[in-house]
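[1] just coords:
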């Protein structure tokens with residue numbers, strides 16, 4: 001009787017492992033295994049980039065004619081991440097803060113240890129508006145001196161997002177700030193409102209200038225032109241400082257540093273799940 005029970009248990013375990021193997025095999029056939037383990041592996045790979053960002057520029061500049069990236073442009077980072085998850089891309093280039101947000105929500109993804117590029121963030125003001133530029137820079141200096149910057153970043157980067165700048169100004173001309181609410185934690189939508197690090201900075205600047213604030217949510221690629229044309233007074237959208245942009249727009253003082261990183265699928269997640277099932281059946 002004991003031998004019979006042991007044989008039955010062995011058969012059940014074998015059958016379970018066979019089913020698991022088939023399921024894992026099916027998943028692997030539907031979603032390709034990760035092929036990018038370092039920046040050098042990006043040659044000839046399909047890489048998602050956000051339209052109008054430095055990531056799009058860096059992807060175009062990568063390698064030479066024999067090692068180009070096949071860049072695919074998306075209007076939102078969420079769309080690029082979803083394409084990566086479905087196996088339609090090999091990688092996604094993104095700034096590190098929003099990349100961490102998406103990876104935290106998607107255990108099937110991970111960020112390579114290597115940094116693709118380092119850069120700085122700043123706001124943008126039209127070339128001819130030197131007085132506005134000086135005022136914004138003084139407000140940014142005051143934010144640093146009073147510890148407001150630290151409070152904002154600790155709140156949003158920490159994931160809680162509880163800190164809020166108290167803006168009391170309700171009179172005077174409206175300060176219009178252009179952004180793109182697709183880039184957490186710097187700007188994103190929550191409960192129907194645009195929130196984030198850049199929005200808190202905008203609120204502080206508007207209050208410092210004693211002006212009410214209006215946030216203009218638009219495509220990322222339209223922000224600089226809206227500021228140049230006067231449709232918006234300032235652009236705050238985790239804008240990277242580049243020489244090309246400086247030709248057409250003025251940057252404020254830098255208020256953050258960032259890294260462009262590479263997101264890929266995390267094949268280890270599937271293997272660890274399989275290992276946990278085996279441990280449950282056989283014991284660890």
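    Arrived safely. Remember, predicted model here, so these are calculated numbers, not experimental data.
[2] and the strand or helix carrying residue 150, how far from the chain's centre?
    In the assignment (DSSP states H and E), residue 150 maps to helix 148-157. Counting by C-alpha atoms, centre = their mean, to the nearest Å, helix 148-157 is centred 17 Å from the centre of its parent chain.
[3] in it, which residues are buried?
    When burial is assessed from 16 or more other C-beta atoms under 10 Å, helix 148-157 yields the following buried residues: 148, 149, 151, 152, 153, 155, 156, 157. C-beta: built from backbone N, CA, C; applies to glycine.
[4] what does it contact?
    Residues from elsewhere that reach helix 148-157, judged by C-beta atoms under 8 Å, 6 or more residues apart in numbering: 97, 142-143, 161-163, 165, 185-186, 196-197, 200-201, 204, 255-256.
[5] between all of the residues you listed, which two are separated the most?
    Spanning the widest gap among the contacts of helix 148-157 are 97 and 142, at 23.5 Å by C-beta to C-beta.
[6] A helix includes residue 205, no?
    Yes: under DSSP: H, G, I helix; E, B strand; the rest coil, residue 205 falls within a helix.
[7] now do the contacts for the one residue sitting closest to the centre of the chain.
    Nearest to the geometric centre of the chain sits residue 98, at 2.4 Å (C-alpha atoms, centre = their mean). Residues near residue 98 by C-beta under 8 Å, 6+ apart: 77, 183, 184, 185, 186, 238.
[8] in which helix or strand would I find it?
    Assigned by DSSP H and E, residue 98 falls within helix 96-105.
[9] how about the strands of this protein, start to end?
    Secondary structure of the chain by DSSP state E: the strands cover 46-50, 70-74, 91-95, 109-111, 117-125, 175-179, 182-183, 187-190, 193-195, 213-217, 234-240, 250-265.
[10] what's the burial count for residue 213?
    As a burial measure, residue 213 scores 19 neighbours (other C-beta atoms under 10 Å).
[11] for residue 103, see how far away it is.
    32 Å (C-beta to C-beta, to the nearest Å).
[12] repeat that for residue 254.
    Distance, residue 254 to residue 103, by C-beta to C-beta: 25 Å.
[13] those two - which one has more neighbours?
    Neighbours per residue (other C-beta under 10 Å) separate residue 254 from residue 103, with residue 103 holding more: 18 against 13.
[14] contacts only, for the more buried one.
    Counted by C-beta under 8 Å, 6+ apart, residue 103 has contacts 109, 110, 111, 263.
[15] you'd agree the last one is up against residue 81?
    Yes: counting by C-beta atoms under 8 Å, a contact exists between residue 263 and residue 81, whose distance comes to 7.0 Å.
[16] shared neighbours of the two, anything?
    Counting by C-beta under 8 Å, 6+ apart, the residues touching both residue 263 and residue 81 are 92, 102, 109.
[17] quick one: least confident of the buried residues of helix 148-157?
    Comparing pLDDT over the buried residues of helix 148-157, the lowest score belongs to residue 157 (80).
[18] what about that one, distance to residue 227?
    Spatial separation of residue 157 from residue 227 under the definition C-beta to C-beta is 26 Å.
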